[in-house]
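Visitor: I would like to see how this sequence folds:
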Amino acid sequence: MDLTMKESYDPALLAILQHVGNIQDFLHIYFGFLYRKTDFFRLLLSDHDRMGFPPGVAQSMVFKAFKIYEKMAVQDHERRMKKLEEKVKKEEKSAERINAPPPALEEEIGISTEQCPVAKEPPGAVGEQQSAVESVKETVKPAGSSAAAPAVASQKKLPKTPRSQEKFHTNSDSYNGAVRDNYVWSQDYTDLEIKVPVPKDIKKGRQVSVDLHADSIRVAVKEGSSEAVLMEGKLTHKINTETSLWSLEPGKCILINLSKNGEYWWNAVLEGEEQIDIDKINKERSMAAVDEEEHAVLDRLTFDYHQKLQGKPQSHELLVLSAYVLKTGKWCQRPPEDKQWQAWQVSGHIGSFSNSFAAN
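Guide: Model prediction:
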């Protein structure tokens with residue numbers, strides 16, 4: 001049965017899962033069905049028994065199916081880790097290029113110092129002037145030379161966006177977001193947080209007006225009989241207004257939490273404003289956003305990953321090893337790979353299971 005065939009059962013299984021609400025109860029329903037309607041849990045204890053399985057065989061079948069999808073999950077994890085490593089290396093190289101002094105600036109500085117009267121100073125002094133832009137400015141200003149203008153202009157034209165975005169990530173208020181003239185914003189996998197500064201005399205909620213709609217936002221403070229709009233515009237993506245909320249930090253800011261309508265990253269809050277480069281943000285999902293069941297799965301995958309690196313048994317192998325020890329009373333680092341053990345794990349009783357299922 002290929003994956004396409006397996007996905008055809010998703011609607012029925014998803015309906016059950018949504019009804020019970022969690023994976024643990026879903027598994028109880030699944031195994032309860034096998035218990036009531038099949039011979040899956042019936043033990044084959046003698047040669048006269050025609051239905052059931054030898055002790056441990058049914059458990060081994062479950063482990064075998066589990067192992068298939070666990071392997072797929074581990075491979076997915078390894079691919080994500082590889083992509084993350086490549087991304088980190090790319091960002092490190094990009095940071096090195098950003099921090100390197102632009103060649104064009106050095107050429108402009110050389111020209112300006114040649115035409116400046118103080119260029120007759122010893123070479124050591126000129127070298128010190130070329131090492132910093134500010135020292136060049138101080139040297140050029142008293143000379144009144146017009147050649148200094150291109151050097152200063154070229155400095156102002158340097159790309160500031162990468163440096164600005166780099167600074168955003170060092171501030172928790174603008175992490176994965178940006179700092180704008182009248183507000184600052186950050187985001188994670190599911191939410192977006194905005195902080196709008198307010199005057200010191202804004203200390204009560206009734207002095208604030210916040211209108212949140214699915215595709216727009218308006219933030220204002222009341223000044224007497226009028227309102228001063230602090231932030232207003234159309235959102236770049238839709239939000240869930242039912243779970244979005246805001247609060248006031250008296251005399252400091254209005255804190256707005258927008259619940260994303262989908263799990264995707266925003267490059268801006270309002271349409272028309274400067275966008276950030278979402279390829280340079282941290283796209284890893286925070287562990288705080290992972291529920292208890294997913295957390296357990298991630299812990300198990302991490303354990304298996306480290307066990308695999310050390311050449312030790314993984315979680316599913318440890319379970320099989322426990323079954324082997326209980327069955328044989330012998331301890332070993334790994335279950336032996338002899339034919340007798342393999343035959344015990346996967347016996348020819350799948351047919352009787354299928355027949356009994358059809359009979360019921």
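Visitor: Okay, and the beta partners of the nearest residue to residue 233 once chain neighbours are set aside?
Guide: Counting by Cβ to Cβ, 6 or more residues apart in numbering, the nearest residue to residue 233 once its immediate chain neighbours are dropped is residue 270, at 3.7 Å. In this view, the C-beta of every residue, glycine as well, is placed from N, C-alpha and C. Residue 270 has the following beta-bridge partners by DSSP bridges: residue 235.
Visitor: mind listing the strands for this structure?
Guide: Under the criterion DSSP state E, the chain contains strands at 178-179, 184-187, 191-197, 208-212, 216-223, 226-234, 239-249, 253-260.
Visitor: can you put the ones you listed in TSV and add mean pLDDT and mean neighbour count?
Guide: Output for these, formatted as TSV (pLDDT from 0 to 100; neighbours: other Cβ atoms under 10 Å):
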stretch	mean pLDDT	mean neighbour count
strand 178-179	92	20
strand 184-187	92	22
strand 191-197	94	19
strand 208-212	93	17
strand 216-223	92	17
strand 226-234	92	14
strand 239-249	90	15
strand 253-260	93	19
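Visitor: So what's the residue count around the residue nearest to residue 66 when sequence neighbours are not counted?
Guide: Closest residue to residue 66 apart from its sequence neighbours, by Cβ to Cβ, 6+ apart: residue 316 at 6.0 Å. By other Cβ atoms under 10 Å, 16 other residues sit near residue 316.
Visitor: thinking again about what came up before, now the strands of the chain as JSON lines including distance to residue 299?
Guide: Below are the strands of the chain laid out as JSON lines (distance: least, Cβ to Cβ, whole Å):
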{"stretch": "strand 178-179", "distance to residue 299": "34"}
{"stretch": "strand 184-187", "distance to residue 299": "26"}
{"stretch": "strand 191-197", "distance to residue 299": "24"}
{"stretch": "strand 208-212", "distance to residue 299": "37"}
{"stretch": "strand 216-223", "distance to residue 299": "38"}
{"stretch": "strand 226-234", "distance to residue 299": "41"}
{"stretch": "strand 239-249", "distance to residue 299": "28"}
{"stretch": "strand 253-260", "distance to residue 299": "26"}
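Visitor: quick one, which of those is nearest to residue 278?
Guide: strand 184-187 (9.7 Å; Cβ to Cβ).
Visitor: What pairs with that closest one, parallel or antiparallel?
Guide: strand 178-179 (antiparallel), strand 191-197 (antiparallel).
Visitor: Let me have those strands in CSV, extended by distance to residue 79.
Guide: Listed next are the strands paired with strand 184-187 as CSV, based on distance: least, Cβ to Cβ, whole Å:
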stretch, distance to residue 79
strand 178-179, 30
strand 191-197, 27
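Visitor: what's the closest of these to residue 213?
Guide: Here strand 191-197 is closest among those (Cβ to Cβ), at 14.6 Å.
Visitor: Under the pLDDT cut-off, which ranges of the stretch 51-200 of the chain? List them.
Guide: 95-167, 169-170 (pLDDT under 70).
Visitor: Show the residue spans covered by the helices in the stretch 251-360 of the chain.
Guide: Assigned helices in the stretch 251-360 of the chain, in chain order: 292-309, 315-328, 339-345, 350-359 (criterion: DSSP state H, counting those that start in this stretch).
Visitor: what's the answer for the stretch 1-150 of the chain, then?
Guide: So, for the stretch 1-150 of the chain - with DSSP H, counting those that start in this stretch - the helices run 3-7, 10-20, 23-37, 57-99, 103-115, 123-130, 133-143, 148-156.
Visitor: closest one to residue 75 among the strands paired with strand 184-187?
Guide: Taking those one by one with Cβ to Cβ, strand 191-197 is closest: 30.3 Å.
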